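# What follows is a predicted protein model with its sequence.
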Amino acid sequence: MNRPFITRFAPSPTGLLHLGHAYAAKVAHDLAVQSGGKMILRIDDIDHTRCRDNFTTEILTDLDWLGLAWHGSPTADTTGRDAPRLSSRTGDTSGYGSCLPMLSQSPGIERAA
């Protein structure tokens with residue numbers, strides 16, 4: 001018995017979607033639909049210096065134009081279980097920094113100069 005996939009697409013609203021974003025969103029969407037699962041949309045807005053509300057709006061518009069639906073509602077209500085997630089509202093953006101020391105010790109991983 002196949003289990004449904006729960007996929008995620010998490011663009012950063014620091015610019016407009018490009019072809020790579022569209023492809024990643026389509027793959028996530030199609031895998032979820034084909035398995036009877038759902039795609040979660042999370043707006044990865046933790047870069048406060050570059051994120052813009054108008055880019056979030058454009059991302060939602062572009063995904064709709066591409067015919068890609070996500071589970072939940074594209075509203076400003078990010079408190080509901082099925083609402084699009086805004087990373088900045090989860091209260092835990094420290095996870096990225098805490099992973100860097102561990103990753104730097106992994107074989108084949110080198111710090112960029």
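All right, it came through fine.
# Quickly run through the sheet partners of the strand ranked longest in the chain, with directions.
For the chain, the strand with the greatest residue count under DSSP state E is strand 38-43. The pairing partners recorded for strand 38-43 under DSSP bridges are strand 6-9 (parallel), strand 85-86 (parallel).
# worst average pLDDT in those strands?
Mean pLDDT per stretch puts strand 85-86 lowest among those, at a mean of 58.
# Run through this structure and note the low-pLDDT ranges.
For the chain, the stretches with pLDDT under 70 are 1, 73-113.
# rerun at 80
For the chain, the stretches with pLDDT under 80 are 1-2, 46, 72-113.
# what ranges do the helices span in it?
19-35, 53-65, 95-104 (DSSP state H).
# Save the ones you listed as JSON lines, and put in distance to I43 and mean neighbour count too.
All C-beta atoms are positioned from the backbone trio N, CA, C, and that covers glycine. Formatted as JSON lines, the helices of the chain follow (distance: least, Cβ to Cβ, whole Å; neighbours: other Cβ atoms under 10 Å):
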{"stretch": "helix 19-35", "distance to I43": "12", "mean neighbour count": "15"}
{"stretch": "helix 53-65", "distance to I43": "6", "mean neighbour count": "15"}
{"stretch": "helix 95-104", "distance to I43": "16", "mean neighbour count": "9"}
